[in-house]
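Asker: Kindly return the folded structure for what I paste below:
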Amino acid sequence: MRERAREMYRKKAYIVGRIAGFFVVLLMAIVVAIQTPSVQTKITGQAAQYLDKHFGALIEYDKLSVMPSGALLIENAVIIDKDPCTLDPHNRGFAPVDTLFQADRITATFSLKTLMGENGLRLGRVNIEGGFFHLCIENTKDTLTNV
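Answerer: Sure thing, here's the model as predicted:
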């Protein structure tokens, strides 16, 4: 009887080991798949569409890479206002500017556990090379004014 119980225990351990191994291999495959350019392009394209929809600005970049170590790299990023301000209330002679932000290279660190958190992604250290930022003050609901 004990031998039969031992044999059943071994079979259960074998099955559990196989299932755990399958999930480890599956997790590794997902990590590798996320590193491929086509998958990253699709994911970042969806993120850019979400930001475009919520902020009303066109977001473009040449390359975006997300590393499993928690590093983010964006090259040649630009944020363009779809409805640039044409109003110059102080008659300073400013021309409308549609580029809100531009950078040659952005690198950032983040914690992988914040990806699944309800508060969204929290960046650690951010380094911007060759950056340009055009600051605007929102006068009304629909108008941006140059500062």
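Asker: looking at this structure, which helix or strand is least sure?
Answerer: One helix or strand of the chain scores below all others by mean pLDDT, DSSP states H and E: strand 144-146, with a mean of 46.
Asker: Would you map the helices across the chain?
Answerer: 2-34, 37-55 (DSSP state H).
Asker: what packs against the last one?
Answerer: Meaning helix 37-55. Where contact means 3 or more C-beta pairs under 8 Å, 6 or more residues apart in numbering; DSSP states H and E, helix 37-55 is packed against helix 2-34, strand 57-60, strand 63-66. Where C-beta positions appear, they are placed from N, C-alpha and C, glycine not excepted.
Asker: would TSV of these with mean neighbour count, distance to Leu100 and mean pLDDT be doable?
Answerer: Output for the helices and strands packed on helix 37-55, formatted as TSV (neighbours: other C-beta atoms under 10 Å; distance: least, C-beta to C-beta, whole Å; pLDDT from 0 to 100):
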stretch	mean neighbour count	distance to Leu100	mean pLDDT
helix 2-34	10	29	86
strand 57-60	16	6	81
strand 63-66	16	18	80
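Asker: Tell me which of the ones you listed sits nearest to Leu73.
Answerer: strand 63-66 (4.4 Å; C-beta to C-beta).
Asker: which residues are contacting that closest one?
Answerer: For strand 63-66, contacts defined as C-beta atoms under 8 Å, 6 or more residues apart in numbering pick out Ile34, Gln40, Thr41, Ile43, Thr44, Leu72, Leu73, Ile74, Glu75, Asn76.
Asker: any idea how far Gly21 lies from Glu7?
Answerer: Look at Gly21 and Glu7: by C-beta to C-beta, to the nearest Å, they are 21 Å apart.
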